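>>> fold the following and give me the result.
(chains A and B)
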Amino acid sequence: MSFRRVVKEIKFTFGTIYFFFTLLRTIIILLICFLIITPFNLPWYLALIPAAVYFVRRTRKDRKRSPFSEIEKKYPGLKEKLRAAKDNYDEGNVFVFDLHKEVLAEVKRVAVSNFFDTKKARNDLLVVCILCLVVVIMAPFNVQIFDFNFTLDDLSNKIQDFASGMGNKGGSEILGEDDEGGLGEFDDIFGEKSIAVLGDENLEIEIATDNAELDISDVNEAEEIEFETLYPDEIGATASGVAEEYIPTHQQEIVKNYYKKIATEG
Amino acid sequence: MVSLEQFKRTFDALFKEVEKVIVGQDEVIEQIVIAMLCDSNALLEGYPGLAKTLAVRTIAELMDLEFSRIQSTPDLMPSDITGTYVLQEQGGRRVFKFQQGPVFANIVLADEINRATPKTQSALLEAMQEKQVTVGNETFQLDKPFFVLATQNPIEQEGTYPLPEAQSDRFLFKIKTTYPSIQEEEEIVARFAEGTKVPKLRKVLNRDSIIALQQYVKQIPVSKDIRSRAVKIVAATRKGKTLIEYGASPRASIGIIMASKARALIHGRNHVRNEDINAMALPILRHRIILNFEAERKGISTDDAVKEILKQIK
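Numbering: from 1, shown residues only, chains lettered A, B, ... in the order given. Predicted structure coming up:
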């Protein structure tokens, strides 16, 4: 095996390891940022910005890392030799040949698994799983602490209002009235357009899906309730006055007898 | 094809031979050899009686190189170093013939260089930098390899001419020789005061092998990270103003890398390590930086300042 090939292989292997860990950390940052911005009703793709910044910075840092010095740290036998051999592999002299021979013999003992931090990888993967779970659990609740979208729209409307207000001559003209109280030459009969902006707003109604579900199993038999229990005590019927018909006594007697007769005969 | 094992065996043999004469001072010997392998010069600073001259003389002998010694004094003239034209009779005619000075050797030991006048120091420094000597209108190339090992005494500064920064920058190293330990001193006494046997030295290297080794040193591979660290260390001496007033030049960066390569070769390694950079930073930077008043007030030495930089740049 040529020394040049060994150098290439070391660079590729370590580059892959560095990339794997950078990717894991980038995913963690993406998920954390997503969880942070969701309650503020901000677009999800904003979470990509910090993740991308981290990815670029970490990749740059990784490119500066020397896998050769890391190998030297773990394998004292290669201390300062490997880098000297790598930096001088184009030189063709007795010392460089000797050094390459020595390094090639020792580099065979280097195991890539020694440089893959399994503990770190396991922890990072665990964090990714937990964050994914949190995102899934949080989704149906539609948690909103603050609506940045609405605030931003509101703010832009206010700025627009202010800007259009500044364009008019004075406060009284907002309503489209001129000094004489009538409509001006360029005034709209519906008044100042900026006032009508609110009317153009779309009403957005969101129905929380968790509260809108109807559970049929919850419907029970109708309960029998006594009316009296529902009827308030303080409400009752009272006579306001007595209406009596005046009938002479002898006529009352005649009527009384008439009904008695009917009762006995019939 | 030469192998690293061969290099290591050669240098081990060299140091073993030096040990027959010099007790201790391993670091000093190693740095002198490194300066030679880098085709550069070294400034040795230390108290008298620390075997500076003996060390250089021994190395010259082991490397089968021509050795000359110049004792610097205030009345030493440039021509005393470079040589001069003398009138000679040749075939009944009187002609001027160039008489070579002590600088025409492979290893020149300039003892107590700071006692020579700046004019004389400059004559030596031209030889160090350009590996040539100009006398009158004629320029003479010096033999290869050529090293100047200058010594200076850190005490007795009266009547001396300290080397200007621009000139001391031409020395790759400022090597500090320290006192030996008690055990080493006992060994020195036993060897030189009681011993009767004069050690017989075996020549380990020669001119050609040294020139070849200088070429091999340049081929030692160094990684970009280590090279970058060496440059950062030197640059830090210019940037950090808390302790340092004036920092080292890019010549120091070249020096650190070259010296580290040479050290790696001596240690039988086929690549440069950070430990080489750390070991070479001190002798390379200590004479190239000037501390500020604050550092001097706190009693901080140039070595402390360099060590601090090495701690910061890892």
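>>> which residues are in contact with stretch B:68-75?
With C-beta atoms under 8 Å, 6 or more residues apart in numbering or on different chains as the test, stretch B:68-75 has contacts from B:53, B:57, B:76, B:80-81, B:102-105, B:107-117, B:120, B:124, B:159, B:161. C-betas here are computed from N, CA, C, even on glycine.
>>> ok, stretch B:5-25 next?
For stretch B:5-25, the external contacting residues (C-beta under 8 Å, 6+ apart) are B:26, B:29-30, B:33, B:50-51, B:54-55, B:58-59, B:62-63, B:177, B:180-181, B:184-185, B:187-188, B:191, B:199, B:201-202, B:204-205, B:209, B:213, B:216, B:265-268.
>>> tell me, which of those residues make contact with chain A?
B:Tyr216 (C-beta under 8 Å from any C-beta of the partner chain).
>>> buried ones among the contacts of stretch B:5-25?
B:29-30, B:33, B:50-51, B:55, B:58-59, B:62-63, B:177, B:180, B:188, B:204-205, B:213, B:216, B:265-268 (16 or more other C-beta atoms under 10 Å in any protein chain shown).
>>> so which bits of stretch A:56-65 are buried?
A:Arg58, A:Asp62.
>>> alpha carbons of that stretch, in PDB - could you do that?
Extracted in PDB, the C-alpha atoms of stretch A:56-65 (Å, rounded to 0.1, in the frame of the first residue of the first chain):
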ATOM      1  CA  VAL A  56     -21.700  25.800   7.500                       C
ATOM      2  CA  ARG A  57     -19.700  26.900  10.600                       C
ATOM      3  CA  ARG A  58     -19.100  23.300  11.800                       C
ATOM      4  CA  THR A  59     -18.100  22.100   8.400                       C
ATOM      5  CA  ARG A  60     -15.600  24.900   8.100                       C
ATOM      6  CA  LYS A  61     -14.200  24.000  11.600                       C
ATOM      7  CA  ASP A  62     -14.100  20.300  10.700                       C
ATOM      8  CA  ARG A  63     -12.100  21.100   7.500                       C
ATOM      9  CA  LYS A  64      -9.500  22.700   9.700                       C
ATOM     10  CA  ARG A  65      -9.300  19.700  12.000                       C
END
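>>> let me see the mean pLDDT of that stretch.
Across stretch A:56-65, the average pLDDT comes to 92.
>>> next one: stretch B:26-36
Across stretch B:26-36, pLDDT averages out at 91.
>>> what does stretch B:76-93 give?
86.
>>> list the contacts for the residue positioned nearest the centre of chain B?
Per C-alpha atoms, centre = their mean, the C-alpha nearest to the average position across chain B is that of B:Ala42, at 1.7 Å. Going by C-beta under 8 Å, 6+ apart, B:Ala42 touches B:Gln31, B:Ile32, B:Ala35, B:Phe147, B:Leu149, B:Ala150, B:Phe171, B:Leu172, B:Phe173, B:Lys174, B:Ile175.
>>> can you read off the backbone torsions of it?
phi -140, psi 150 (degrees, to the nearest 10).
>>> who's it bridged to?
Going by DSSP bridges, B:Ala42 is paired in beta bridges with B:Leu149, B:Phe173.
>>> measure it to chain A for me?
Using C-beta to the nearest C-beta, to the nearest Å, B:Ala42 is found at 25 Å from chain A.
>>> just the helices in the chain please.
In the absence of a named chain, this looks at chain A. A:3-37, A:48-64, A:67-74, A:81-87, A:94-107, A:118-138, A:148-167, A:197-200, A:209-212, A:227-230, A:249-265 (DSSP state H).
>>> other chain: chain B
B:4-19, B:26-37, B:52-62, B:78-82, B:118-130, B:165-168, B:182-189, B:207-219, B:224-239, B:250-266, B:274-285, B:293-297, B:302-312.
>>> mind giving me the ChimeraX select for the contacts of stretch B:68-75, buried ones only?
Restricted to buried positions by 16+ other C-beta under 10 Å, the ChimeraX selection for the contacts of stretch B:68-75 reads:
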select /B:53,57,76,80,81,102,103,104,105,107,108,109,110,111,112,113,114,115,116,117,120,124,161
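>>> in strands only, show me the contacts of stretch B:68-75.
The strands, defined by DSSP state E, take in B:Ile107, B:Val108, B:Leu109, B:Ala110, B:Asp111 from these.
>>> so what's the closest residue to the first one other than its chain neighbours up against?
Closest residue to B:Ile107 apart from its sequence neighbours, by C-beta to C-beta, 6 or more residues apart in numbering or on different chains: B:Ala60 at 4.3 Å. For B:Ala60, the contacting residues are B:Glu66, B:Phe67, B:Asn106, B:Ile107, by C-beta under 8 Å, 6+ apart.
>>> report pLDDT for the third one.
Per-residue pLDDT puts B:Asn106 at 90.
>>> what is the neighbour count of it?
20 (other C-beta atoms under 10 Å in any protein chain shown).
>>> need the contact list for it.
With C-beta under 8 Å, 6+ apart, B:Asn106 has these contacts: B:Ala60, B:Met63, B:Leu65, B:Glu66, B:Phe67, B:Asp143, B:Pro145, B:Phe146, B:Phe147, B:Arg207.
>>> just the last one next, same as before
The neighbours of B:Ile107, taking C-beta under 8 Å, 6+ apart as the test, are B:Val56, B:Ile59, B:Ala60, B:Met63, B:Leu65, B:Glu66, B:Phe67, B:Ser68, B:Phe147, B:Leu149.
>>> does it have beta-bridge partners, and which?
Bridge pairing for B:Ile107 (DSSP bridges) gives the partners B:Phe67, B:Phe147.
>>> alpha carbons of stretch B:232-240, as CSV, please.
Extracted in CSV, the C-alpha atoms of stretch B:232-240 (Å, rounded to 0.1, in the frame of the first residue of the first chain):
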residue,chain,number,x,y,z
LYS,B,232,5.4,31.2,16.0
ILE,B,233,7.9,30.9,18.8
VAL,B,234,10.3,33.3,17.0
ALA,B,235,7.4,35.7,16.0
ALA,B,236,6.3,35.7,19.7
THR,B,237,9.6,37.2,20.7
ARG,B,238,8.8,40.2,18.4
LYS,B,239,5.1,40.5,19.4
GLY,B,240,5.2,40.1,23.2
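>>> and the contacts of that stretch?
B:244, B:246-248, B:250, B:252-253, B:256, B:277, B:281, B:285, B:288-289, B:305-306, B:309-310, B:312-313.
>>> need the pLDDT of A:Ile37.
You'll see A:Ile37 listed with a pLDDT of 88.
>>> that one contacts A:Leu48, correct?
No. The criterion here is C-beta atoms under 8 Å, and A:Ile37 misses it with A:Leu48 at 10.5 Å.
>>> residue ranges with poor pLDDT in the chain?
No chain was given, so I picked chain A. Scanning chain A for pLDDT under 70 picks out the ranges A:1, A:148-153, A:165-219, A:225-244, A:266.
>>> wait, I meant chain B there
In chain B, residues with pLDDT under 70: B:1, B:156-157, B:195-196.
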